[in-house]
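In: fold the following and give me the result.
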Amino acid sequence: MEILPATAAQAPQRPDPAAKAAREFEAMALAQMFEAMFEGVRTDGAFGGGHAEGTWRSFMMQEYGRAVADQGGLGIARMVEADIARLYAQAGDQS
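Out: Predicted coordinates for the structure are as follows:
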C-alpha cells in the first residue's frame, strides 16, 4: 500500500484567528439578544424548569448564541471580520 503525501487540500487547516474572534463575538451578541428575548418567559408552571431553569438559563442562551453563530448567524461575524482585516491592513500600511 502506497502512502501519498498530504496535499494542501488534504492538510488540516488552522482556523483564521480573525474569523474565530468574529464568530465568538457574534455568539456573545446573540446570547445577549436571547437573554433579552427570554427574560419574560416564566420558569414555573407545568412545563417550566423552576429554579434550576432560572439558574442555568444564561448557559443555555450562550449555547444558543454559539449554535446560531456556528450555522452562519446574522452576518455580524462577517462584518466584524472585515473590520478586523481592514484594521490590520491599516496597521500594516503605517509600519
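In: what segments of the protein are helices?
Out: Secondary structure of the chain (DSSP state H): helices at 17-38, 50-70, 76-94.
In: nearest to D44, of the ones you listed?
Out: The closest of those to D44 is helix 50-70. By CB to CB, the value is 6.3 Å. All C-beta spots, glycine's among them, are computed from the backbone N, C-alpha and C.
In: elements contacting that closest one?
Out: helix 17-38 (3 or more CB pairs under 8 Å, 6 or more residues apart in numbering; DSSP states H and E).
In: what sits up against the helix it packs on?
Out: For helix 17-38, contacts defined as CB atoms under 8 Å, 6 or more residues apart in numbering pick out 57-58, 61-62, 64-66, 68-70, 73-74, 76-78, 80-81, 84-85, 88.
In: got JSON lines for the helices of the chain, with mean neighbour count and mean pLDDT too?
Out: Output for the helices of the chain, formatted as JSON lines (neighbours: other CB atoms under 10 Å; pLDDT from 0 to 100):
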{"stretch": "helix 17-38", "mean neighbour count": "17", "mean pLDDT": "94"}
{"stretch": "helix 50-70", "mean neighbour count": "15", "mean pLDDT": "89"}
{"stretch": "helix 76-94", "mean neighbour count": "13", "mean pLDDT": "88"}
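In: turn those helices into JSON lines, including distance to D44.
Out: Shown next, in JSON lines, are the helices of the chain (distance: least, CB to CB, whole Å):
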{"stretch": "helix 17-38", "distance to D44": "14"}
{"stretch": "helix 50-70", "distance to D44": "6"}
{"stretch": "helix 76-94", "distance to D44": "34"}
